[in-house]
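A.B. asks: Here is a sequence together with a model predicted from it:
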Amino acid sequence: MSNQRPIDKLLSQNFSTLTRQVKLVRKVKIKAWKAFGIITFIAGFSAALVWSISQEMVTPGFLQQAPTTVSNQAQVTFEDEQGNQYGPVTSNIVSTEIVQAQTCQDNTPYNQCSRNKPKYCQAGTLIDDCSQCGCPGNQVCQADGTCQTSTQSPRPFNFKHKIQGKKRYRKRVTIKIYLPGTNNLVCSNCEIEVETDDQGEAKGAKPPKRIPDGVYDLVIKVPHCLSKRLSNVTWPPDTELDFGETKVGNLNDEDDVINSLDWSVMNSRWGTADEVADINEDGVVNTLDWSLMNQNWGQEGE
């Protein structure tokens with residue numbers, strides 16, 4: 001049968017619908033056993049296609065209205081050019097179980113933050129939880145989970161710090177304020193940036209907005225050092241805050257951990273007077289600087 005087309009071309013047409021009978025017409029002569037094989041293959045393929053479409057139907061919007069189970073079935077008939085029909089062949093019923101989505105009244109899934117900060121979906125109820133979901137705009141997180149707009153001027157405070165292996169501590173540092181024991185900021189855009197003097201002291205530092213009275217964790221970040229956390233600070237502080245000594249060697253400032261990336265920076269500047277890699281500030285990058293980095297190897301910021 002030299003004029004017989006490849007079997008795969010007989011399967012090139014798509015199903016027009018999965019709920020009606022589908023006919024595939026080809027102008028070829030074909031033996032009955034091959035037709036039966038084709039129909040069997042088509043039936044299996046249709047079952048797979050039905051299953052695929054069933055899965056695509058399971059979308060968040062569909063879940064809200066669908067029954068517990070979605071079932072589909074396909075039927076296929078083959079007819080040759082002489083009008084001989086083979087089939088119909090009916091696929092197995094393919095069923096997909098639908099699990100009802102659990103959401104709060106604003107469609108926020110259980111145990112997730114709502115788009116409406118600081119709301120959090122807890123067992124079907126929206127509650128205030130700014131410690132997990134944050135606060136919008138210029139509002140700040142309160143102890144009861146709500147957010148509050150600050151209208152008062154920020155209050156100044158004093159602090160000091162030291163840097164391991166250095167004699168002068170003048171640096172432009174950043175202080176972030178967190179809810180106690182967490183990495184959740186009290187408010188957005190509340191970072192304090194200030195330059196300390198040679199003794200590492202700063203007088204009259206101010207956050208950009210008013211911070212409500214409370215107990216917080218303050219984290220100081222000195223360039224090329226590991227961050228240092230001061231826990232359970234009563235705000236506003238009545239006395240000078242002392243962050244103690246920050247550890248040096250974090251030359252790759254982005255990751256807040258001392259590792260091979262930091263050594264790579266130092267090694268590339270070995271023997272120079274590079275200000276970043278010259279940790280002890282003696283005018284040359286050498287084994288003394290490496291010794292300070294090595295003391296803190298593998299440590300992470302707080």
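C.D. replies: Everything's here; your move. Numbering: from 1, shown residues only.

A.B. asks: Quick check: residue 122 touching residue 111?
C.D. replies: Yes: in this structure, residue 122 is within contact of residue 111 by CB atoms under 8 Å, at 7.2 Å. (C-beta placed from N, C-alpha, C; glycine too.)

A.B. asks: what mean pLDDT does whichever strand or helix holds residue 203 have?
C.D. replies: Element membership for residue 203 (DSSP states H and E) is strand 201-205. Mean pLDDT, computed over strand 201-205, is 87.

A.B. asks: tell me which strands and helices the helix or strand that that strand is followed by is in contact with?
C.D. replies: Sequence order places strand 214-221 as the next helix or strand after strand 201-205, per DSSP H and E. Judged by 3 or more CB pairs under 8 Å, 6 or more residues apart in numbering; DSSP states H and E, strand 214-221 is in contact with strand 172-178, strand 228-235, strand 241-246.

A.B. asks: Point out the one among the ones you listed that comes closest to residue 213.
C.D. replies: strand 228-235 (6.1 Å; CB to CB).

A.B. asks: Spell out which residues make up each domain of the chain.
C.D. replies: Using automatic domain parsing, the domain parsing of the chain gives 7-97, 157-246, 260-295.

A.B. asks: ok, residue 284 - contacts?
C.D. replies: Taking CB atoms under 8 Å, 6 or more residues apart in numbering, we find residue 284 in contact with 271, 272, 273, 278.

A.B. asks: re the thing from before, okay if I get the helices and strands packed on strand 214-221 as CSV plus mean neighbour count and distance to residue 210?
C.D. replies: Formatted as CSV, the helices and strands packed on strand 214-221 follow (neighbours: other CB atoms under 10 Å; distance: least, CB to CB, whole Å):
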stretch, mean neighbour count, distance to residue 210
strand 172-178, 19, 12
strand 228-235, 15, 11
strand 241-246, 17, 18
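
A.B. asks: quick one: secondary structure of residue 265?
C.D. replies: Here residue 265 is recorded as helix under DSSP: H, G, I helix; E, B strand; the rest coil.
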